[in-house]
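Student: show me how the following folds:
(chains A and B)
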Amino acid sequence: MSDKPERFIDDEGLRLDGRRVDEIRPMKVEMGVLSRADGSCYLEWGNNKVLAAVYGPRELHPRRMQKPNEVLVRYKYNMASFSVEDRIRPGPSRRSTEISKVSGEAFEPVVMTQYYPGAVIDVFAEVLQADAGTRTAAINAATLALADAGIPMKGLVSACAVGKVDGQLVLDLNKPEDNYGQADLPVAMTQDGEITLLQMDGHLTPEELEEGLEMVKKGCQQILEIQREALVSRYGNEDEEGEEAEEESPEEVPEPEEEEDEERDNSFDNEESEAENSDENDVTEEDEGEEDERQ
Amino acid sequence: MSGSEVISRLKRDYIYNLMLKGEREDGRQFNELRDIALETGIIDKAEGSAMVQYGDTQVMVGVKMQVGTPFPDSPTEGVIITNMELNPIASPDFEAGPPREKAIEMARIVDRGIRESGAIDINKLCITEGEEVWMVFIDVHVLNNSGNILDAASLGAIAALMTTTVPSEREGKGEDYPMPVREMPVGISLVKIGDEMVLDPTYGEESVCETRITISSNQDGSICSMQKSGSGSLTPAQVVKASKIAKEKGEIIREKYLLEI
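Tutor: Here you go, the predicted structure:
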């Protein structure tokens, strides 16, 4: 971990990683990366690498947890022990328990829970590499995994953080800003601008809060665009999007005459999956390079 | 949310419909607090303690301290650990056993209020750099859950800390000294009904309103921690409105109860 930088924003208004204050880190998404899950999504955001998988709707055990009129959305946020500098002990911590709870609640307003009463939809968000903003990254991936699983939703959820460094509000904190900044305000929003997750720690004046919420809304809108593009590129043109998203678990049953994308899910095609792997490797190297530069 | 199984549908409907009309089951205004009572120094064996009542809600907070080793990345800083027990004597829907997600979340919200406001000068809790520091255990014991245990716990935590004496003599580490408290954060929770935000919810109100926001504010009116909890959503305007109420009511509570100590 690097020491506290003297300044976070230079005279030209650029941050340590070269971004402007209202700019988010580059984000890459790929849906349908896990063949066994009903829906999945791999997401890279700056140096964060996050994998989300959705299983269900499926039967809920123990039965006393079943909800008679709606489906239970269960969210598990987990950090891989190797995802951070100092190894973290595997298994749930108090931090991850809290994040799981509030992140699950971030989806409750959008998931149409009246379908599948008594069942459960399990969302697993796995942080493979952490670099500030993992809960928001996980939520962004989980939304797409839910869509990929064909879970009926009223809309997508997009998440982003706003924070304060050098007394100035900045969008999407990077690691040094997160570690040494003055405030961190992660937010998740529906596409209508309803806040479904909100946490904050640090120091904000009431004016900064108002301004920060404005700023984070714009961040979430940018992310929503990226998520939309990912959906469209996977499930055809925008008109078809709704139709496809409502289709139930396309991965489960290999239907022969469906479009090309379907084939990829089943990973029968070795060449294809190899190609995917090498793609991922490239990305890894690239990102590590970036990190070196910065430090 | 919490007590959905314990409160009858009839009562829930009653409370809900009342709130839609702008009224509350105990006759309060939406922005009115219940009667608060605060007593400190109630447990002699603890280094600091407080008992808080918000209406019928009763929460006890005890502070215990031990000598421990600092974290490697902060060799001069004392350690704060906040825990919350949802004791089964406090409500029919609390069960015995280790804290679950609800208790963990609330403990962490109380903890963030204390930690992020810088209420305790943790550098003054260092005994020998890199080797020995004071560990502060803030234990919240809920005795009767009649709603809004979170705000009662926040108030109890800061009040208990303000009356805490660092037990140096007992541990052979020099002279006793008062806990270095330099800020008084107050946590305020509101629940959402329609477009309205309702302050200091009762147990019944909590069970019909699914979205809660808790905001801790400092003496200078700034915000040090926030958390939305529950299955609903909030608009940015509601968050801003809630923050204003939290600041205003926080000031009142601070003046009336904490500055007295």
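Student: please count neighbours and contacts with C-alpha atoms only from this point.
Tutor: Noted.
Student: report the contact partners of the spatially most central residue of chain B.
Tutor: By Cα atoms, centre = their mean, chain B has its centre lying nearest to B:Ser154, at 2.1 Å. B:Ser154 makes contacts with B:Val110, B:Gly113, B:Val186, B:Gly187, as judged by Cα atoms under 8 Å, 6 or more residues apart in numbering or on different chains.
Student: wait, which of those residues is closest to chain A?
Tutor: In terms of Cα to the nearest Cα, no member of the contacts of B:Ser154 lies closer to chain A than B:Gly113, at 8.0 Å.
Student: quick check: that closest one is in a helix.
Tutor: Yes. Following the definition DSSP: H, G, I helix; E, B strand; the rest coil, B:Gly113 is counted among the residues of a helix.
Student: what's the local residue count around it?
Tutor: 29 (other Cα atoms under 10 Å in any protein chain shown).
Student: one more: A:Asp22?
Tutor: Around A:Asp22 there are 14 residues (other Cα under 10 Å).
Student: one step back: to which secondary structure element is the residue nearest to the centre of chain B assigned?
Tutor: Using DSSP states H and E, the element containing B:Ser154 is helix B:149-162.
Student: what about that helix, distance to the chain center?
Tutor: 5 Å (Cα atoms, centre = their mean, to the nearest Å).
Student: following element in sequence after that helix, please.
Tutor: strand B:165-166.
Student: not counting that following strand itself, show me its contacts.
Tutor: B:Glu47, B:Gly48, B:Met65, B:Asp176, B:Tyr177, B:Pro178, B:Met179.
Student: give me the phi and psi for the spatially closest residue to the fourth one that is not a sequence neighbour.
Tutor: Counting by Cα to Cα, 6 or more residues apart in numbering or on different chains, B:Asp176 lies nearest to B:Ser168, which is 4.8 Å off, once chain neighbours are set aside. The phi and psi torsions at B:Ser168 (degrees, to the nearest 10) take the values phi -60, psi -40.
Student: enumerate the residues of the stretch 1-150 of chain A near chain B.
Tutor: When proximity is defined as Cα under 8 Å from any Cα of the partner chain, the stretch 1-150 of chain A approaches chain B at A:Arg94, A:Thr97, A:Glu98, A:Lys101, A:Val102, A:Glu105, A:Ala106, A:Phe107, A:Glu108, A:Pro109.
Student: ok, and for the helix or strand where the fifth one lies, which residues are buried?
Tutor: So the one you mean is A:Val102. Assigned by DSSP H and E, A:Val102 falls within helix A:94-107. The neighbour-count check on helix A:94-107 (16 or more other Cα atoms under 10 Å in any protein chain shown) flags A:Ser96, A:Thr97, A:Glu98, A:Ile99, A:Ser100, A:Lys101, A:Val102, A:Ser103, A:Gly104, A:Glu105, A:Ala106, A:Phe107 as buried.
Student: show me what it is packed against.
Tutor: strand A:72-79, helix A:134-148, strand A:195-204, helix B:101-116, strand B:223-229 (3 or more Cα pairs under 8 Å, 6 or more residues apart in numbering or on different chains; DSSP states H and E).
Student: and the helix or strand following the second one, what's its mean pLDDT?
Tutor: This points to helix A:134-148. Per DSSP H and E, the first helix or strand lying C-terminal to helix A:134-148 is strand A:157-165. Mean pLDDT, strand A:157-165: 98.
Student: who are the packing partners of strand A:157-165?
Tutor: Using 3+ Cα pairs under 8 Å, 6+ apart: strand A:157-165 touches helix A:134-148, strand A:168-171, helix A:175-180, strand A:183-190, helix A:206-235.
Student: please repeat the previous calculation with a cut-off of 7 Å.
Tutor: helix A:134-148, strand A:168-171, strand A:183-190, helix A:206-235 (3 or more Cα pairs under 7 Å, 6 or more residues apart in numbering or on different chains; DSSP states H and E).
Student: how about the residues of chain B that lie near chain A?
Tutor: When proximity is defined as Cα under 7 Å from any Cα of the partner chain, chain B approaches chain A at B:101, B:104-105, B:112, B:116, B:222-236, B:240.
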